[in-house]
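Q: coords please:
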Amino acid sequence: MRALGQNWLRSLLTISGIVVGVIAIVTLVAILQGVKFEIRRQVEGLGANLVLVVPSKLDDNGQPNPAAMVGISSLTDNDVDALRQVPGVDRVAPVSLVAGTIALGKTEADAFVVATNRIGVIMNPTPLAAGRYYDDGEGNVCILANRPAHDLFGKASPIGKTVRIKDLDWTVVGVLGKPKEDGTLGSQILALNTLVYLPAGTVKRELPGGQINRIVLQTDYLHPADKLDGALNTALLRSHGGRQDFGVITQQKGLALVIKLLSMAQSLLVLIATISLFVAGIGIMNIMLVTVTERTREIGVRKTVGARRGDIFVQFLTEAVVLSLLGGLIGIGISWIICAAIARYSVLTPQINVSIVAMALAVCSCVGIIFGVTPAVRASRLDPIEALRHE
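A: The predicted structure is shown next:
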């Protein structure tokens, strides 16, 4: 430690590469860990007993074919009736996607317009903030999520007012509250705050040519959705005459793929950052080799008074490992500050946990050992007589 302290500037420059590498690893992994936690929390917040039926066969990853999802839907009212007969299914709601925008006079608002029954609106985890739910078969009425209601009406109450959708007038009878997740990463992914609900029966009557694009169902608490997967598939196969032109997605299936993709991205980032650490390790090795040359006379004195090869080897290897670990600790400290700033001033919530810190320190130790061996071996093999003569 005295030897490192006497050349503190050189030691600081030596560990700079390690510091940068650790900051990269810890910060990026912490951000991805936060994203995974947030997505898991948002999906689970929708309800672990929700199931989504889509009009396409799922691939090997449990995901629907995007091309099949935008064409003619294979889902019908017969599927809705078949799913209602499955024991454990508590609620069923067909969902039709309605293309177009929502407008109030010349003012338009971004919205995701869907047609569904009363149950479909009730299954939304965000309760009503004002008004009421519409009844099945009710006339031209709608329910707005918080964002389109605010964009069109500001702080005024939309209840009883008329908006324009698909060149038709729709009376607002209800407004959903502001989701707890509003403004976070999860709500941006799930788009819960941009929904506009129309009665399915009215849309079928007023806007002919529509189709059922999704079926959302909810199981009771005695029948977890994942355990009903087989029964739901069997009922739909009977309804489709044995054709597997549909997919059943539970929350856990969707969540598993998202986590898998994020884990792959995390592994790639860790690999890139680890390469930068090994580049920094080469810098440590070069500096330590120079140090051995500068301290040749010191090594000769130590050997003359009884130091063995192993003693010299351990001394220089320890210096290399200490430099690496010191750089790792500094990098972790700076990463913690960066992550705290990100959490405060952005929608991201990085999470630095024990495993991330342990991984960073383990990599630093490996770098110190791997790139400290060569200088340590060179120092231990110096001839004491020749070392004492060195100037």
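Q: residues near the nearest residue to L75 once chain neighbours are set aside, how many?
A: Closest residue to L75 apart from its sequence neighbours, by C-beta to C-beta, 6 or more residues apart in numbering: I212 at 4.3 Å. All C-beta spots, glycine's among them, are computed from the backbone N, C-alpha and C. Neighbour count for I212, taken as other C-beta atoms under 10 Å: 22.
Q: hang on, I212 packs against V92?
A: No - in this structure I212 lies outside contact range of V92 using C-beta atoms under 8 Å: 11.2 Å.
Q: quick check: neighbours shared by these two?
A: V80 (C-beta atoms under 8 Å, 6 or more residues apart in numbering).
Q: now the residue nearest to L75: how far from A115?
A: Separation of I212 from A115 (C-beta to C-beta, to the nearest Å): 9 Å.
Q: and what of V363?
A: 54 Å.
Q: hey, which helix or strand in this structure has the poorest pLDDT?
A: Lowest on mean pLDDT, DSSP states H and E among the helices and strands of the chain sits helix 185-190, with a mean of 40.
Q: what residues does the next helix or strand after it touch?
A: Counting by DSSP states H and E, the element after helix 185-190 in chain order, helix or strand, is strand 195-199. Residues outside strand 195-199 that contact it (C-beta under 8 Å, 6+ apart): 98, 102, 111-118, 120-121, 124, 134-139, 141-145, 148, 165, 170, 176.
Q: so how far is the helix or strand harbouring G310 from its chain's centroid?
A: Using DSSP H and E, G310 sits in helix 309-345. Chain-centre distance of helix 309-345: 28 Å, with C-alpha atoms, centre = their mean, to the nearest Å.
Q: in it, what's buried?
A: For helix 309-345, a neighbour-count test (16 or more other C-beta atoms under 10 Å) marks 312-313, 315-317, 319-332, 334-336, 338-339, 342-343 as buried.
Q: the more surrounded of V363 and A115?
A: Between V363 and A115, counted using other C-beta under 10 Å, A115 has the larger neighbour count: 25 against 22.
Q: before we move on, back to that, anything in contact with each of I212 and A115?
A: Contacts common to I212 and A115, judged by C-beta under 8 Å, 6+ apart, are 95-96.
Q: the helices in the stretch 51-200 of the chain, which residues?
A: 66-69, 77-84, 118-122, 146-153, 185-190, 200-206 (DSSP state H, counting those that start in this stretch).
Q: to T274, which of those lies closest?
A: Closest approach to T274 among those is made by helix 185-190 (26.3 Å; C-beta to C-beta).
Q: can you list the domain ranges for this structure.
A: 2-42+265-389, 48-256 (automatic domain parsing).
Q: re the thing from before, give me the buried subset of the contacts of strand 195-199.
A: 98, 102, 111-118, 120-121, 124, 134, 141-145, 148, 165, 170, 176.
Q: can you flag which of the residues you listed belong to strands?
A: Per DSSP state E, strands hold the following members of the buried ones among the contacts of strand 195-199: 102, 112-116, 141-144, 165, 170, 176.
Q: so which of the residues you listed comes closest to S276?
A: The closest of these, once distances to S276 are taken by C-beta to C-beta, is F112, at 41.8 Å.
Q: correct me, but that closest one touches T194?
A: Yes - using C-beta under 8 Å, F112 is in contact with T194, at 4.9 Å.
Q: poorly predicted segments of the stretch 51-200 of the chain, please.
A: Scanning the stretch 51-200 of the chain with the threshold set as pLDDT under 70 gives 59-71, 180-191.
Q: same thing but 80
A: Counting by pLDDT under 80, the stretch 51-200 of the chain has low-confidence residues at 56-72, 99-100, 125, 179-192.
Q: in contact with A200, which residues?
A: Per C-beta under 8 Å, 6+ apart, neighbours of A200: 94, 96, 115-117, 120, 136.
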